[in-house]
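*Asks:* just need the structure, nothing else, for what follows:
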Amino acid sequence: MDLLSLRYFEVVARHEHISRAAAELRVAQPSISRTIARLEAELGVQLFDRQGRHIRLNRFGAAFLRRISHALAEIDDARRELVDAAGLEHGLVAVASETLLSLTEFLPGFRARYPGVEIQLYQSTAERMVQQLAAREVDLCLASQPLTGPDLHTVELVREPVLLAVPAAHPLAGRSDVPVEALAGEPIVTTRTGYWQRALTDQLFAAAGLVPNVVVEGDELAAVQYLVSAGLGIGLIPAMSLRVGTHPEVGWVRLSSPDSYRTLRLVWREDAYLSHAARQFRDMIIEQLSGK
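*Replies:* Numbers count the residues shown, from 1 in each chain. Here you go, the predicted structure:
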């Protein structure tokens, strides 16, 4: 039973799909199938139930996965800790965020202080962040929705208003604040389901007894105000965007709902090893963003 076989099994078990596992691992499907078959022969039990081309993790596989995932995570943490202690590299920190716009004010200062640190950034939904933390794919997550799971530690960084962005010529552009009820039937530009902006849009409209008329949905929050400026609709934007930069053809209006805000949180695993680089990133972002 070698380490590579266990890693193959973990990925296949996570996807319950050979071709998706092969794509992630960047190996041929037959190689993965042979590896899983050898592992099952060595263990003396089937780890998956097979129905044609479909596979499902069975109770033996689920029990094995719980043990293997913990063991592989410990091995990965041990490797990172040794490399960090030996000073074999300047460091690496992997961060996931629902929108990379949240990091634009912070990154220049961190890069200037720690120019040798390699930074990996991922744009992820809240659901995907939980998976990345569980798999040790990232060290830290910046989330505007609560992340739940075992051994997760959360620090609240920013609680800020969420504003309504409207085209400059829109009738609402001259208003100081508007109720959510005034948005009935308005075309909405937002992110797809899974991101905080869409979750807040759905929440506010539901509380007002409305269904949002979504005409544009995407993955990047930063694109919303530019689509609004083009006259495609209106959308929710965090107040942070006003500091980063705004489009001249967009008007900004406050919503009178007390729930029109977002809370930005920093999340990491308490049971995972954080490299020196990751700890510096964590401490610096807490210091800088929590003061805004």
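*Asks:* what segments of the stretch 151-292 of the chain are strands?
*Replies:* For the stretch 151-292 of the chain, the strands defined by DSSP state E, counting those that start in this stretch cover 152-167, 177-178, 187-191, 213-218, 235-238, 250-255, 261-269.
*Asks:* with distance to residue 1 and mean neighbour count added, can I get the ones you listed in TSV?
*Replies:* Where you see a C-beta, it was placed from the backbone N, CA and C, and this is true even at glycine. As requested, the strands of the stretch 151-292 of the chain are exported to TSV (distance: least, CB to CB, whole Å; neighbours: other CB atoms under 10 Å):
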stretch	distance to residue 1	mean neighbour count
strand 152-167	30	18
strand 177-178	63	15
strand 187-191	43	23
strand 213-218	45	16
strand 235-238	49	24
strand 250-255	57	19
strand 261-269	26	20
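*Asks:* ok, which of the ones you listed comes nearest residue 71?
*Replies:* Closest to residue 71 of these, according to CB to CB: strand 261-269, at 15.9 Å.
*Asks:* which neighbouring elements make contact with the closest one?
*Replies:* Judged by 3 or more CB pairs under 8 Å, 6 or more residues apart in numbering; DSSP states H and E, strand 261-269 is in contact with helix 126-134, strand 140-143, strand 152-167, helix 276-289.
*Asks:* just list whatever residues bridge to the closest residue to residue 214 other than its chain neighbours.
*Replies:* In space, and not counting its chain neighbours, residue 214 is closest to residue 188: 4.9 Å by CB to CB, 6 or more residues apart in numbering. Beta-bridge partners recorded for residue 188 (DSSP bridges): residue 214, residue 234.
*Asks:* so where is this structure shaky, pLDDT-wise?
*Replies:* Within the chain, the ranges that satisfy pLDDT under 70 run 85-90, 244-245, 291-292.
*Asks:* go through it and flag its longest helix.
*Replies:* helix 59-86 (DSSP state H).
*Asks:* now for that one, which elements pack on it?
*Replies:* Checked by 3+ CB pairs under 8 Å, 6+ apart, helix 59-86 has helix 3-15 packed alongside it.
*Asks:* and the following helix or strand past the helix it packs on, which residues are buried?
*Replies:* Heading C-terminal from helix 3-15, the first helix or strand you meet, by DSSP states H and E, is helix 18-25. For helix 18-25, the buried set under the neighbour-count rule, 16 or more other CB atoms under 10 Å, comprises 18, 21, 22, 25.
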